[in-house]
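Chemist: 3D, please:
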Amino acid sequence: MKIAIVGAGLTGLRCAIELREFADVKVFEKNSVGGLVSSFCNGYCIEKFYHHIFKTDKELLELIRKLGLSSKLVWRTVKVGFAVGGKIYSLSTPLEILRYPYMSLVDKIRLAIFTVKSRRREFGRFDEIGAIEALRKELGGRLLENFFKPMLNAKFGENAEKVSYAWLLARVAIRSNRKLRGEEIGYLRHGFHQMIERMCDGIEIVNSRAKIERNGKWSVNGEKFDAVVFTAPLPELGEILGKLNLPEINYQSSICALVSLKRSVSDVYWVNVDKANFGAIIEHTNFMPFEDYGENLVYLASYTTPESDFFKMRDEEIERLFLKDLGRFGIRSEDVNWIRVFRAKFSSPIYERGYLKKITPYRIADGFYIAGMTSKPNYPERSMNGSLIAGREVAEQIKRDFGFTL
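Modeler: Numbering: from 1, shown residues only. Got it, this is the predicted structure:
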């Protein structure tokens, strides 16, 4: 039996691992292997888009163990904060939160209670409710305008009003694994490329755009297969997209600049930024040791849409805008060693109100399957963990459909 998998991200690679003992598996990838977890190498390797692990990522942690990489896994407590008027405020400890001048004591108490409650909520119940309207009702206009709305605008831009409360509650719950000194997150020291490389062992990967057709059997680039698993973003399906009766899903795009600096921006790992061309500063070397890289590495993360003029800008224009905004935090041109811009045109679905009804099943037609960002494990927020689960579950579906022994 022959199976084609389109996309060599986490979902595609995990699916290939699960199926290779039952069938001849070929993976097609037009870009970098690893997808959003692919790396940039410069004497060391680091992800093009920032990544880290949470303690709740059981599937990911188990895979790391199976791949023999547990000794590389490290957990660190990092600082998180908010930038207002060019000044970065750490909001990592209870005392720092109490001292934060742009929120009243009453709102701080409300926020703390809201965070605790979010961990216990059943997210799907809030799928049809807008995040902004729900926050205004539950927490009041002041906390919405001064704290949540700037982050929603930075993340979703003009689509912020459409985002469901389910997404926001899940986001708060995921990011609330806090110690007294800050948030605890994990990382594979020296990079996730180690995990991607081991996942690729023994798998045939073809570096090519995949043209999918159906003439009796499914074919990819003219080669016939018994089954095709599509793990890339739905708009990449091309001509057959309109023939599959799939839901219309809106996507956001990511632009992430990786900057090498001669000095740190601050001692905070993750800073949410208001009114800038990027929505967050993620200082990687406030997470992993400077000695691993020999330079200060900072991500500047921005979210937009595939159709936006911003996404279509040349790298040089984005670099200029980003570095100009970084200057608000005391970074000058002489502090910059280099900057690289990375883009993902379809980096995530926009989790709009009613998105739960748009989740794609694994089996779309006889012999054709879809798994990845639009699968149930990636609701109401996509993650490495959810992508791995989707890869395993679509493989299990194929095993059932073709009578393989589970």
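Chemist: Val172 is in contact with Phe126, correct?
Modeler: No. Contact status for Phe126 versus Val172: not in contact, 11.8 Å apart, counting by Cβ atoms under 8 Å. In this view, the C-beta of every residue, glycine as well, is placed from N, C-alpha and C.
Chemist: pretty sure Thr285 is in contact with Gly294, am I right?
Modeler: No. Using Cβ under 8 Å, Thr285 is not in contact with Gly294; the gap is 9.8 Å.
Chemist: The two: which has the busier surroundings?
Modeler: Taking neighbours as other Cβ atoms under 10 Å, Thr285 and Gly294 compare with Thr285 leading, 20 against 12.
Chemist: any low-confidence regions in the protein?
Modeler: Using pLDDT under 70 as the threshold, the predicted model of the chain has low-confidence ranges 176-180, 405-406.
Chemist: Can you work out which other helices and strands pack against the longest helix anywhere in the chain?
Modeler: When every helix of the chain is counted residue by residue (DSSP state H), the longest turns out to be helix 384-401. Applying 3 or more Cβ pairs under 8 Å, 6 or more residues apart in numbering; DSSP states H and E, one finds that helix 384-401 contacts helix 10-19, helix 58-66, strand 227-230, strand 368-370.
Chemist: Export the first one to CSV, keeping only CA atoms.
Modeler: Okay, so that is helix 10-19. Output for helix 10-19, consisting of C-alpha atoms alone and laid out as CSV, is shown next (Å, rounded to 0.1, in the frame of the first residue of the first chain):
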residue,chain,number,x,y,z
LEU,A,10,4.9,18.0,13.0
THR,A,11,1.5,16.6,11.9
GLY,A,12,2.9,15.1,8.7
LEU,A,13,6.0,13.7,10.3
ARG,A,14,4.1,12.2,13.2
CYS,A,15,1.6,10.6,10.8
ALA,A,16,4.5,9.2,8.7
ILE,A,17,6.1,7.6,11.8
GLU,A,18,2.8,5.9,12.7
LEU,A,19,2.1,4.5,9.2
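Chemist: which residues are contacting that helix?
Modeler: Contacts made with helix 10-19 from outside it, assessed by Cβ atoms under 8 Å, 6 or more residues apart in numbering, are listed as 3, 5-6, 25, 27, 29, 33-35, 37, 63, 196, 199-200, 203, 229, 231, 371-372, 375, 384, 387-388, 390-392, 394-396, 398-399.
Chemist: try 6 Å
Modeler: 3, 5, 25, 27, 199, 203, 229, 231, 371-372, 384, 387-388, 390-392, 394-395 (Cβ atoms under 6 Å, 6 or more residues apart in numbering).
Chemist: what's the answer for the shortest one, then?
Modeler: With contacts defined as Cβ under 6 Å, 6+ apart, strand 368-370 is touched by 228-230, 360, 362-364, 394.
Chemist: Kindly recompute the last result at 7 Å.
Modeler: 218, 227-230, 360, 362-364, 394, 397-398 (Cβ atoms under 7 Å, 6 or more residues apart in numbering).
Chemist: what do you get for stretch 276-283?
Modeler: Contacts of stretch 276-283 with the rest of the structure, by Cβ under 7 Å, 6+ apart, involve 50, 154-155, 264-266, 268-273, 298-303, 321-322, 325.
Chemist: out of those, which are inside helices?
Modeler: The helices, defined by DSSP H, take in 154-155, 321-322, 325 from the contacts of stretch 276-283.
Chemist: which residues in the stretch 151-300 of the chain form strands?
Modeler: For the stretch 151-300 of the chain, the strands defined by DSSP state E, counting those that start in this stretch occupy 178-179, 182-188, 204-207, 212-215, 217-220, 223-225, 227-230, 251-261, 270-273, 280-283, 296-304.
Chemist: Just say which of those strands is most tucked in.
Modeler: Per-residue neighbour counts averaged over each of the strands of the stretch 151-300 of the chain give the maximum for strand 227-230, namely a mean of 26 (mean count of other Cβ atoms under 10 Å).
Chemist: that older thread, in TSV: the ones in helices among the contacts of stretch 276-283, plus neighbour count and distance to Tyr379.
Modeler: Compiled in TSV, the ones in helices among the contacts of stretch 276-283 are given as follows (neighbours: other Cβ atoms under 10 Å; distance: Cβ to Cβ, whole Å):
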residue	neighbour count	distance to Tyr379
Ala154	20	22
Lys155	22	17
Leu321	18	33
Phe322	20	31
Asp325	19	33
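Chemist: what two of the residues you listed are the furthest from one another?
Modeler: The span of the ones in helices among the contacts of stretch 276-283, defined through Cβ to Cβ, is set by Lys155 and Leu321 at 18.0 Å.
Chemist: Val6 contacts Pro233, correct?
Modeler: No. At 10.8 Å, Val6 and Pro233 do not qualify as touching, with contact defined as Cβ atoms under 7 Å.
Chemist: Can you pull the phi and psi angles for Val80?
Modeler: The main-chain torsion angles of Val80 are listed as degrees, to the nearest 10 and equal phi -120, psi 150.
Chemist: In space, what's closest to Asp293 - neighbours in sequence excluded?
Modeler: Actually, residue 293 is Tyr. It isn't Asp. Using Cβ to Cβ, 6 or more residues apart in numbering and skipping the chain neighbours, the partner closest in space to Tyr293 is Tyr44 (5.4 Å).
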